[in-house]
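S.K.: I'd like to go over a predicted model; first the sequence, then the structure.
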Amino acid sequence: MFRRTNYLLAEKLLKALNVAEKPSVAKTIKDLLSEGNSKSLKSFSKYNPVFQFNQKTKDKEYEFLVTSIRGHMIDYKIPDNLKNWDMDTIRQIYDITLERNLMEDCKPLAKNLETYGK
């Protein structure tokens, strides 16, 4: 009888990271797709768990990872000179480069995405 080893199984799995907008949606996705065969992985956010399960299609087997974020993770900073714009400065808004910042309370969520998205 042929028996797959964990090494061979891991070699054939394709990985899919699924990111829901809310933790409750991630849990629902996990419940529906895993058919009760999932496990929780280490999450860097106490409010956004990471679930793992395997799913087989016709000819491929996938490792599904399901997690969530919450709303917007990036904050955009408008330059101080354009915060109180008027009709004279409105055209400048189209040419500015916005500074993008990861919101401080979203750093654990970003760490989840960086870790499990590899």
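M.R.: Looks like it arrived, so ask away. These numbers come from a predicted model, not from an experiment.
S.K.: could you pull out the helices for this structure?
M.R.: Using DSSP state H, the helices of the chain run over 6-12, 23-34, 107-116.
S.K.: what's the pLDDT at M103?
M.R.: Here, the pLDDT recorded for M103 equals 93.
S.K.: list the contacts for it?
M.R.: Going by C-beta atoms under 8 Å, 6 or more residues apart in numbering, M103 touches 72-75. (Glycine included, C-beta is placed from N, CA and C.)
S.K.: want to throw those into a markdown table with pLDDT?
M.R.: What follows is these, written out as a markdown table (pLDDT from 0 to 100):
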| residue | pLDDT |
| --- | --- |
| H72 | 87 |
| M73 | 92 |
| I74 | 92 |
| D75 | 91 |
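S.K.: and the residues you listed, which is closest to S40?
M.R.: Nearest to S40 among those is M73, at 21.8 Å by C-beta to C-beta.
S.K.: quick check, the closest one in contact with L109.
M.R.: Yes. At 6.2 Å, M73 counts as touching L109 under the criterion of C-beta atoms under 8 Å.
S.K.: neighbour-wise, which of those two wins?
M.R.: More crowded of M73 and L109, by other C-beta atoms under 10 Å: L109, with 22 against 15.
S.K.: relative to E61, how far out is that one?
M.R.: Distance, L109 to E61, by C-beta to C-beta, to the nearest Å: 28 Å.
S.K.: what residue ranges in this structure score low on pLDDT?
M.R.: For the chain, the stretches with pLDDT under 70 are 1-12.
S.K.: beta partners of the residue nearest the centre of it?
M.R.: Nearest to the mean C-alpha position of the chain, by C-alpha atoms, centre = their mean, lies V19 at 4.1 Å. Counting by DSSP bridges, V19 is bridged to T67.
S.K.: correct me, but it touches T67?
M.R.: Yes. Using C-beta under 8 Å, V19 and T67 qualify as a contacting pair, with a distance of 6.0 Å.
S.K.: where do the contact lists of these two overlap?
M.R.: 26, 113.
S.K.: distance of the most far-flung residue of the chain relative to its centre relative to N81?
M.R.: Relative to the centre of the chain, the most outlying C-alpha is that of D88, 40.7 Å out, by C-alpha atoms, centre = their mean. Separation of D88 from N81 (C-beta to C-beta) stands at 12 Å.
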